[in-house]
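**Student:** Below is the sequence, then the predicted model.
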Amino acid sequence: MIIYLASDHAGFALKEKIKAVLESEGYETKDLGPLSFNPDDDYPDFVKLAAEEVSRNPRNSKAIVLGGSGQGEAMVANRYKNARAAVYYGGPEEIIKLSREHNDANILSLGARFLKEDEALKAVKLWLETDFSQEERHKRRVEKF
């Protein structure tokens, strides 16, 4: 399983932290950018690369994308076939679990301006450790998108 990472300037610092933690825990990651901070960059340029990769191999890849709110990033990602992006910018952690268990989300979009670093890392860990339930009703629904 490879985890693709992408962000914009608002999510850059948090992306770097998440990448370091994931790599230290043995996850295979690929950073699709930005590779340096640029206050004028545009999230679609990077998020689309992550969504394209997940779209090509939705069962053996995931992505974590970051921006100010995570909303625009999810909108970009969800335009790609087989990409199922869920947004998290705080609140009940149950939503993270449900995005995996019920919706088989393969992209997690984080709102960097609304999450503290420890909250984001906790969300990523929970999301990566939660499996799709494989319940027939959820499989049927996911297959419809």
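**Tutor:** In hand now; what should we look at?

**Student:** so how far is the helix or strand containing residue 74 off the chain centroid?
**Tutor:** Element membership for residue 74 (DSSP states H and E) is helix 71-77. On the basis of Cα atoms, centre = their mean, to the nearest Å, helix 71-77 sits 10 Å off its chain's mean C-alpha point.

**Student:** repeat for stretch 100-116
**Tutor:** Taking Cα atoms, centre = their mean, one finds stretch 100-116 lying 5 Å from the centre of the chain it belongs to.

**Student:** How far does that stretch stretch from one end to the other?
**Tutor:** Terminal residues of stretch 100-116 lie 22 Å apart, using Cα to Cα, to the nearest Å.

**Student:** about what we covered before: could you list the residues in contact with the helix holding residue 74?
**Tutor:** Applying Cβ atoms under 8 Å, 6 or more residues apart in numbering, the contact partners of helix 71-77 are 6-8, 11, 43-44, 47-48, 50-51, 54, 63, 65-67, 83, 85-87, 107, 109, 111. All C-beta atoms are positioned from the backbone trio N, CA, C, and that covers glycine.

**Student:** Residue 95 sits in which helix or strand?
**Tutor:** In this assignment (DSSP H and E), residue 95 forms part of helix 94-101.

**Student:** follow-up on the earlier one: in helices only, show me the contacts of helix 71-77.
**Tutor:** Among these, the members falling in helices are 43, 44, 47, 48, 50, 51, 54 (criterion: DSSP state H).

**Student:** mind checking how far residue 57 is from residue 39?
**Tutor:** Applying Cβ to Cβ, to the nearest Å, one obtains 32 Å for the distance of residue 57 from residue 39.

**Student:** Measure how buried the nearest residue in space to residue 34 that is not next to it in sequence is and give me the count.
**Tutor:** The spatial neighbour of residue 34 that comes closest, neighbours along the chain excluded (Cβ to Cβ, 6 or more residues apart in numbering), is residue 41 at 5.4 Å. By other Cβ atoms under 10 Å, the residues close to residue 41 number 17.

**Student:** And the pLDDT at residue 41?
**Tutor:** Residue 41 carries a pLDDT value of 97.
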